[in-house]
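Student: got a predicted structure plus its sequence, pasted below:
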Number of protein chains: 4
Amino acid sequence: MSLTPAQLSGTATHRFGYLGPAGTFCQMALDAWEPAQSAEQVPCDSVVAALESLRHGDIDAAMVPIENSVEGGVSATLDALSVGSDLVITGEVLVPVTFVLAVRPGTRLDDVRAVGTHPHGWAQVRTWMNTNLPSAAYLTTLSTAAAAADLDPAAGDIAAYQAAVCAPVAAKIHSLDVLAEDIGDNGRAVTRFALVAPPGRTPPPTGADKTTLVLYQRDDHPGGLMEMLEQFAVRGVNMTRLESRPTGAAMGSYCFSIDMEGHIADARVAETLMGLKRVCAQVRYLGSYARADGRLTRTPVGTSDAEFDAARRWLEELRR
Amino acid sequence: MSLTPAQLSGTATHRFGYLGPAGTFCQMALDAWEPAQSAEQVPCDSVVAALESLRHGDIDAAMVPIENSVEGGVSATLDALSVGSDLVITGEVLVPVTFVLAVRPGTRLDDVRAVGTHPHGWAQVRTWMNTNLPSAAYLTTLSTAAAAADLDPAAGDIAAYQAAVCAPVAAKIHSLDVLAEDIGDNGRAVTRFALVAPPGRTPPPTGADKTTLVLYQRDDHPGGLMEMLEQFAVRGVNMTRLESRPTGAAMGSYCFSIDMEGHIADARVAETLMGLKRVCAQVRYLGSYARADGRLTRTPVGTSDAEFDAARRWLEELRR
Amino acid sequence: MSLTPAQLSGTATHRFGYLGPAGTFCQMALDAWEPAQSAEQVPCDSVVAALESLRHGDIDAAMVPIENSVEGGVSATLDALSVGSDLVITGEVLVPVTFVLAVRPGTRLDDVRAVGTHPHGWAQVRTWMNTNLPSAAYLTTLSTAAAAADLDPAAGDIAAYQAAVCAPVAAKIHSLDVLAEDIGDNGRAVTRFALVAPPGRTPPPTGADKTTLVLYQRDDHPGGLMEMLEQFAVRGVNMTRLESRPTGAAMGSYCFSIDMEGHIADARVAETLMGLKRVCAQVRYLGSYARADGRLTRTPVGTSDAEFDAARRWLEELRR
Amino acid sequence: MSLTPAQLSGTATHRFGYLGPAGTFCQMALDAWEPAQSAEQVPCDSVVAALESLRHGDIDAAMVPIENSVEGGVSATLDALSVGSDLVITGEVLVPVTFVLAVRPGTRLDDVRAVGTHPHGWAQVRTWMNTNLPSAAYLTTLSTAAAAADLDPAAGDIAAYQAAVCAPVAAKIHSLDVLAEDIGDNGRAVTRFALVAPPGRTPPPTGADKTTLVLYQRDDHPGGLMEMLEQFAVRGVNMTRLESRPTGAAMGSYCFSIDMEGHIADARVAETLMGLKRVCAQVRYLGSYARADGRLTRTPVGTSDAEFDAARRWLEELRR
């Protein structure tokens, strides 16, 4: 299955999955994705569940977190994209991670004896909590939005805590009051979300693109990583993210999850991909797409499409 | 503060921290660490808490998880070692990750309607659960050992589940029966634990050593990673782990957590460290220590201590 | 003008130039070149003169010395091929360099008071001369063959010396006696000759081929040579000769004369050439041709034509 | 034997060899070398002869040509420095190569039927000759100065030519008239001369220095040259000359003659030398000396002596 142009444009009959429940940062990312604005939003329990729905055709695309500026790559997503039938990233969205302390109307700070949130959320508000609620207990929830949902007055008295750490949108959805805004330790934290779709229609190059890959080495010999990286360097292609991920085969067996500048339609990216294909045990192509920050790709001297074309014509002339 | 030889040998009056409660894989690692066998074992709530205790002198060393063959680097540990006053790794232990399904004596598989464990444990037994307990609910606990502890008959009826997924040792400690052994999806899963201590006394080289570093690039220019890796390659030093970790400064700003073969006392490792020190914005040295697997370091032609010494004598002769 | 198949096969009406006069090692190379065996042999005064005749169409191909195992690259040839209209190497011949001491019939060693030869010949027989004719004077001639020609009994008494150092064939042509054979200091000396022709018809690949290039750097920045060499390394292409030659523009301004393994029809050679074309100021292609020694080209894993083809098909599939 | 400071300063009792006879460009270089100005000048027949005199202690130093901006490296010098007991370069001089057409007083251009000069000189005046004396014969002499010497009116009528192509100084020495000045094809041609002395006293670093080496690869494996060049690159050391020279062992067996920026007293040069010593079969050090052009050495970030010192102190602190 591949998306038709109508599907890519997100007409109302189409379905976009995201990490639910309503009110997550992931839903904020989906809200910000223009082509999805009139589409149906489908909450999913986990990244794995979202990608399975996508592979089964139950949804048309899925918004999933891929990287956090504080926590690093989202392992669950990187791993889920690396196995199973091919899926590709067709876009990315950056969402500032802003936490609020949300309570039922009427609750005051003094009333808060326990706080519910997801462990990742808790990790990012430790400083504020130590200062303002040093004696509050911490209760784990499955997501920051779930922490807010269980506090929703409409849900009844199911929560064992009096306050939730969640996104501003979750407080709003669940009719909660915000006792404190922007309580994260790192005020500039950002999460990067990827819109994942079945393969088939790569968005056209914009001049400010990224391409995502997973590379498996042929064998684990000294210098093997350098050999792979030289495929990029010799063609002037810059990497913007490099993460090793265990393959699970053995301790010390890694694959590499990589974002590179440029689009598969660019000559230098295409030759780099072919070079990697030849020297790696496996290359998994995870899509070319417009960068969320719109930064134009740098093209070192000798690596433009025009220079690749000129070199090819010169070679053909010599070979004639 | 630095460990005295008496302290390093782990006499009874010394205190070794680990990730508690009793029965964790981390305690298994500490049990396996010979110098700690007659020392006091001190459970800690988290990696951050263990390292803080160490920095305050409340404990003499701490055993913490650093890498999992399935999940990858343990971000919490890598990040906690990268900030704050210097600590160094003085040893490593590999622990096979084997899960059991533990119940109170008398409970049968048919009685299990809910299972408690840590999310990481749950992630690694999904296949067994789907096959054998497809309708069981999953309840989150703070550790796999805590899941067993709450089932302990001596704890009273505090658990909302009938079975725990935990290490064999946790079942034993808490007087539980084992309904099924080795239920992990990946039978070869291994976790690598590091014994962390204050700086001062590096263990002597054994010929089968590793050195751990964190590298910060001077600036994020294309080819910057290659420049760092060439410092290793040109001196024949092999890396066994490379992980990028966000610095938190901005999306796309990384440092690199690296294990390399060899010991700081080796000439080629020393020259590599000095080379990195010169070209990086910051190099954090996290210790040289014997490898748990005892694999001898490969020394390419031209990189032995004897060859470094001969080259130095030759240079001194020329300079005279 | 380009050679027709008939011309390449060297039918009698065609003309092959060589460095004369008759009896030079260069003529020995031409004698050994099978396609030229029934062609007319045209002696030329110099490499420059031979290549000028070729460019004017006065001869169909020229055999010229390109490299000596003792003296190195033949600068005059390397430089003459680098400027002017394009010419290409279409074959190579290796000729052992064996010197004899030749005299008119009747002359004995005791009669030799002076020896004539070319400076290159003299340089290679110094040890024999010091031992056997320590007091003989040395007289310069324009070639080793010219030294023999002037001794030819048919030439009259024009030589001021009694013995010539020359190739065995020169002694034979000029009816001289050989007083001592194989008098060179280096018994394994070999000269490599190249058959040069107008561009147009590259010989087909044989699996044991070489390709010759001249590379001009874009500018003389540190690391510039490494950048060019990486174009070879990343595609597994081995160089068999690398010589820097001054461009004449300024002290320290070089171009690089290079022989590489493989044929322009090989995918990895073709991509290397295109890569060089993009990063160099100028690339001068001087031909692909069968190696004289028949040694098969090594093809590292990932660089065969089949692997290049597979990578291209994979890319095209992804781009669809 | 090694030069004393008094010897290096060239007091009158010392002897400096050069390529004779009087009037060569090599003597011009020696005239320009300040420390030799009151020393005795000793003409030598050849580079080999000069270096042999030096090794025997007959002279204290020798000025020899090492590189020409048009012709490239001077093979005879490069080869003679590579074998035999160690000698080192202690200085360099650049001499513009300017040719004149010199005749006996009274001779006019119309009288010139033959021209005498060294083949290198002839090669560099071809354009002028073709234009102005197209029908003149060419007669070989052992040096350009010898061509002038044989025309010297005091020498009698020994020359078979009427004009010499030589350096202006040769015309002056031999009382010749100059019919045409600056007749070289390349008006900017420069020859670089090296002052060679026994090892022992390296001139102090000036900040604008060069170091000369000959490198022999351990074996001729693909990528071997890259491995050697990386020793320079990783320490930010720039090469200003790279020439391959045959070792004479077999066709395709090369050593590399290299000039690099910097002085053996510089930390980055010293570490590069030691690195090469470890990875090469042989490294021949041919001296560190002040550059004739006074261009200051570029020192990339991270490669200054201060940064090397800081890295060493940091390492020693870690090792304590």
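Tutor: Received, thanks. Numbers count the residues shown, from 1 in each chain, chains lettered A, B, ... in the order given.

Student: tell me the domain ranges of chain A?
Tutor: A:1-97+A:189-201, A:100-180, A:203-320 (automatic domain parsing).

Student: which of these sits closest to D:Asn68?
Tutor: Ranking these by proximity to D:Asn68 (C-beta to C-beta) places domain A:203-320 first, at 31.2 Å. The C-beta positions use only the backbone N, C-alpha and C, and glycine is treated the same way.

Student: what helices and strands are in contact with the helix with the most length in chain A?
Tutor: Secondary structure of chain A per DSSP state H: the longest helix is helix A:305-319. Packing partners of helix A:305-319 (3 or more C-beta pairs under 8 Å, 6 or more residues apart in numbering or on different chains; DSSP states H and E): helix A:267-279, helix C:267-279.

Student: so can I have TSV of the ones you listed showing mean pLDDT, mean neighbour count and distance to A:Asp150?
Tutor: Output for those, formatted as TSV (pLDDT from 0 to 100; neighbours: other C-beta atoms under 10 Å in any protein chain shown; distance: least, C-beta to C-beta, whole Å):
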stretch	mean pLDDT	mean neighbour count	distance to A:Asp150
helix A:267-279	97	23	46
helix C:267-279	98	23	59
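
Student: let me have those helices in CSV, extended by distance to chain D.
Tutor: Shown next, in CSV, are the helices and strands packed on helix A:305-319 (distance: least, C-beta to the nearest C-beta, whole Å):
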stretch, distance to chain D
helix A:267-279, 14
helix C:267-279, 12
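
Student: for B:Val103, which of the ones you listed is the nearest?
Tutor: Closest among these, using C-beta to C-beta: helix A:267-279, at 49.4 Å.

Student: can you redo the helices and strands packed on helix A:305-319 as JSON lines with distance to B:Tyr18?
Tutor: Formatted as JSON lines, the helices and strands packed on helix A:305-319 follow (distance: least, C-beta to C-beta, whole Å):
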{"stretch": "helix A:267-279", "distance to B:Tyr18": "42"}
{"stretch": "helix C:267-279", "distance to B:Tyr18": "54"}
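
Student: how about those helices, which one is nearest A:Met63?
Tutor: When the helices and strands packed on helix A:305-319 are ranked by proximity to A:Met63 (C-beta to C-beta), helix A:267-279 comes first, at 24.7 Å.

Student: count the residues that sit near A:His174.
Tutor: The tally of other residues near A:His174 (other C-beta atoms under 10 Å in any protein chain shown) stands at 24.

Student: hmm, I was thinking of A:Trp314
Tutor: 16.

Student: how near is it to A:Ala249?
Tutor: Using C-beta to C-beta, to the nearest Å, A:Trp314 is found at 44 Å from A:Ala249.

Student: close enough to count as contact, A:Ala147 and A:Ala114?
Tutor: No. A:Ala147 is beyond contact range of A:Ala114, at 11.0 Å (criterion: C-beta atoms under 8 Å).

Student: for the one residue in the stretch 101-250 of chain A that gets nearest to chain C, what are phi and psi?
Tutor: Per C-beta to the nearest C-beta, A:Val234 is where the stretch 101-250 of chain A lies closest to chain C, at 4.5 Å. For A:Val234, the backbone dihedrals (degrees, to the nearest 10) come out as phi -70, psi -20.

Student: contact partners for it?
Tutor: Going by C-beta atoms under 8 Å, 6 or more residues apart in numbering or on different chains, A:Val234 touches C:Glu230, C:Gln231, C:Val234, C:Gly275.

Student: just say helix, strand or coil for A:Ala243.
Tutor: Actually, residue A:243 is Glu rather than Ala. strand (DSSP: H, G, I helix; E, B strand; the rest coil).

Student: run through the bridge partners of it.
Tutor: Assessed by DSSP bridges, A:Glu243 has beta-bridge partners A:Ser257.

Student: how close does it sit to D:Gln282?
Tutor: From A:Glu243 to D:Gln282 the distance is 43 Å (C-beta to C-beta).

Student: which of the domains of chain A comes out lowest on mean pLDDT?
Tutor: Sorting those by mean pLDDT places domain A:1-97+A:189-201 lowest, at a mean of 86.
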